[in-house]
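**Q** Have a look at this prediction, sequence included:
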Amino acid sequence: MSEELMLEENKDKKTPQENFITLRNFRKSPEVENFYRFISENDLRREALMILEVITSKLAQKKKKKSRKIQ
């Protein structure tokens, strides 16, 4: 098959609803549950908290910069 035909076929295919993760079912997704389990089993709660705090602070800084540019 040519690449164009394959691309057209892929456009027509719908992805199953199971693959979409919304904010509501984010914590119950298998990947997140496995991550939580890994953190718990390996006693990495302190380290995970530190990482999440760094991530949230960086996101807050970006958000703050955007709001400054808008004003």
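**A** Received it, and whenever you're ready, just let me know what you need. Numbers count the residues shown, from 1 in each chain.
**Q** Give me the phi and psi angles of residue 44.
**A** With angles defined as degrees, to the nearest 10, residue 44 sits at phi -110, psi 20.
**Q** And the next helix or strand past the strand or helix carrying residue 40?
**A** Here residue 40 sits within helix 30-41, counting by DSSP states H and E. Counting by DSSP H and E, the next helix or strand C-terminal to helix 30-41 is helix 45-70.
**Q** tell me which residues of that next one are tucked away?
**A** Within helix 45-70, no residue counts as buried by 16 or more other CB atoms under 10 Å. (Each C-beta comes from the backbone N, C-alpha and C, glycine too.)
**Q** any idea of the mean pLDDT for it?
**A** Mean pLDDT, helix 45-70: 88.
**Q** rewinding a little: the inter-axis angle of the helix holding residue 40 versus helix 45-70?
**A** Going by axes from the mean of the first three to the mean of the last three CA atoms, to 10 degrees, helix 30-41 is angled at 130 degrees with respect to helix 45-70.
**Q** Please report how far residue 55 lies from residue 47.
**A** Distance, residue 55 to residue 47, by CB to CB, to the nearest Å: 13 Å.
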